[in-house]
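Chemist: I'll drop the sequence and a predicted model, then ask my questions.
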Number of protein chains: 2
Amino acid sequence: MFSKACEYGIRASTYIALKSLEGTRVSLKEIAEKIDSPVAFTAKVLQQLSKNHIVDSVKGAAGGFQIAKANIDQVKLSQIVYAIDGNKVYEGCGLGLKKCNSNEPCPVHDKFVQIRADLKNMLESTSLYDMTVGLEEGLTALKR
Amino acid sequence: MFSKACEYGIRASTYIALKSLEGTRVSLKEIAEKIDSPVAFTAKVLQQLSKNHIVDSVKGAAGGFQIAKANIDQVKLSQIVYAIDGNKVYEGCGLGLKKCNSNEPCPVHDKFVQIRADLKNMLESTSLYDMTVGLEEGLTALKR
DNA sequence: TTTAAATAGGACAAAATTATCCTATTAATT
DNA sequence: AATTAATAGGATAATTTTGTCCTATTTAAA
C-alpha cells in the first residue's frame, strides 16, 4: 500500500507525537529503536517531514524531533503520506494506464475510485493524536 | 497498489479473455501491443499465470494464449493478483509491523482491515468477463 | 573555548523490481 | 525434413527503492 519510507514516516511521526504530548523531544536514535526502523534511513524520512513542516527538528546537543502540542491533532496521516509518497496513492490508474479518468476509464476505474476515496478519507480524518490513543495503554503498538 | 507485474497481468488476462470470447488465441506480441506493455516482461508474467492455470498457453506456430470460454466468468481478479503478488495485498500491516492483528494491532489496524476487505471483496467479485464488458464498445480501455 | 551530542546532507551500497536478450523447445506449415 | 512462428526459461542489465556511511553543521554543557 505505502512505501517503506512512508510506513517509517507514519510510525516515526506517531512516536514523536506521543512524546511531544508528554512534553519531551526525542532523538533519531530513540525513534528508530522504538519503531524498529533503520536509523539512517529513518533520518532521511524525518528530514523530508521536517522540510514539509510536519515535524520540528532541533539541531545540536539536547536536540531532536518534536511536534507542537497544538498541532498534534491537526496533522493528518494524509499529509505525511503526501510528503513522502506524493499523490500516487490517490491518483494513478489501478491498472497502470497512463491516462484513466471517468471519461476514459480502465475496466475497474469506478471500483478503484471508491476504494481510493475510502482510503483517502481515512487518511484525511486520522490525526496524529488519534494515532497515539491506545499506545500508552499498550492497546496498540508501533513495533513488534 | 499493485506491482507493475500485476498490472500487466490483469490487463493481459483481460485482453486474452476478450479474444477468447471471440474464439481466437492471441500471441504475446499482440497482447503486449494491445495493452502497451514491455514484451519480454509480459512474457514472464504470462508464464506465471500459465503455471497457475489462469491462462492456457500453446507453444509452437499458431500457438499463443487463451482462456477456456467456460472459465472466463469464473476467473476472478483476486486469483490473478494472488498468482503474481501473493497475499501481501491482503495480509501485511499497513504500517509495516511484522506482526499485526486484532489482538495486537497497530494504531490503524481496524481502519485498514475495512479498506483491505473492500479491496479484497472487489477483486473476488470481479471476473475476467466483467472486465471485458465495455471494451468492445470502447467504453473502457486497456491502454492509453 | 573545547567537547560532546545531536540533525543535515552528500555519496555510496545493497536489494528488489522492472526490463531485455538469447537460446531451447514445441508444433504447424511448406 | 526443413522452415517458421510461437512459448519457456535462464542470464543479465537497468532502474528504483531501501539502506548505510561519512562529514558538516549546530547547539548545549563542561
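Modeler: Received the coordinates, thanks.

Chemist: which parts of chain A are helices?
Modeler: With helices called from DSSP state H, chain A shows them at A:4-21, A:28-35, A:39-51, A:77-85, A:109-125, A:128-132.

Chemist: what are the buried residues along the longest one?
Modeler: Read that as helix A:4-21. Buried residues in helix A:4-21, counted by 16 or more other Cβ atoms under 10 Å in any protein chain shown: A:5-21. To be clear about C-beta, it is placed using only N, CA and C from the backbone, and glycine gets the same treatment.

Chemist: quick check: angle from that helix to helix A:28-35?
Modeler: Going by axes from the mean of the first three to the mean of the last three Cα atoms, to 10 degrees, helix A:4-21 is angled at 100 degrees with respect to helix A:28-35.

Chemist: same question, the third one
Modeler: Comparing the axes of helix A:39-51 and helix A:28-35 via the same axes, to 10 degrees yields an angle of 110 degrees.

Chemist: kindly report the same for the fourth one.
Modeler: Orientation check (the same axes, to 10 degrees): helix A:77-85 against helix A:28-35 gives 120 degrees.

Chemist: so helix A:77-85, near DNA strand C or not?
Modeler: No - applying Cβ under 7 Å from any atom of the strand, one finds helix A:77-85 separated from DNA strand C by no less than 13.5 Å.

Chemist: quick one: pLDDT of residue A:75?
Modeler: pLDDT, residue A:75: 98.

Chemist: is it in contact with residue A:127, as I believe?
Modeler: Yes - judged on Cβ atoms under 8 Å, residue A:75 makes contact with residue A:127 at a distance of 6.2 Å.

Chemist: burial count for residue A:136?
Modeler: Counted with other Cβ atoms under 10 Å in any protein chain shown, residues neighbouring residue A:136 total 11.

Chemist: and it, how far is that from DNA strand C?
Modeler: From residue A:136 over to DNA strand C the distance is 22 Å, taken as Cβ to the nearest atom of the strand, to the nearest Å.

Chemist: residues in contact with that residue?
Modeler: residue A:18 (Cβ atoms under 8 Å, 6 or more residues apart in numbering or on different chains).

Chemist: just the pLDDT for it.
Modeler: Confidence at residue A:136, expressed as pLDDT, is 93.

Chemist: burial measure for the residue nearest to residue A:98 when sequence neighbours are not counted, as a count.
Modeler: Nearest non-adjacent residue to residue A:98, counting by Cβ to Cβ, 6 or more residues apart in numbering or on different chains: residue B:144, 5.9 Å away. As a burial measure, residue B:144 scores 13 neighbours (other Cβ under 10 Å).

Chemist: and for residue A:86?
Modeler: 12.

Chemist: quickly note the distance from it to DNA strand D.
Modeler: The gap separating residue A:86 from DNA strand D is 10 Å, by Cβ to the nearest atom of the strand.

Chemist: which pLDDT does the model give that residue?
Modeler: pLDDT, read off for residue A:86, is 95.

Chemist: other residues contacting stretch A:60-69?
Modeler: Applying Cβ under 8 Å, 6+ apart, the set of residues contacting stretch A:60-69 is A:12-13, A:16-17, A:19-21, A:23-28, A:30-31, A:46, A:50, A:54-58, A:75, A:128.

Chemist: one more time with 6 Å
Modeler: With contacts defined as Cβ atoms under 6 Å, 6 or more residues apart in numbering or on different chains, stretch A:60-69 is touched by A:16, A:17, A:20, A:25, A:26, A:27, A:55, A:56, A:57.

Chemist: tell me the mean pLDDT over it?
Modeler: Mean predicted confidence for stretch A:60-69 is 98.

Chemist: kindly export it (C-alpha atoms) in CSV.
Modeler: Taking Å, rounded to 0.1, in the frame of the first residue of the first chain, the C-alpha atoms of stretch A:60-69 are listed here in CSV:
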residue,chain,number,x,y,z
GLY,A,60,22.7,20.3,18.4
ALA,A,61,23.1,18.6,21.8
ALA,A,62,19.7,18.1,23.5
GLY,A,63,18.2,18.5,20.1
GLY,A,64,15.8,16.1,18.4
PHE,A,65,12.4,16.0,16.9
GLN,A,66,9.1,17.3,18.3
ILE,A,67,5.6,18.4,17.2
ALA,A,68,4.0,21.5,18.8
LYS,A,69,1.2,20.2,21.0
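
Chemist: so, in contact with DNA strand D or not, it?
Modeler: Yes - remark: stretch A:60-69 sits within contact range of DNA strand D at A:60, A:61, A:62, A:63, by Cβ under 7 Å from any atom of the strand.

Chemist: many thanks, I have nothing further to ask.
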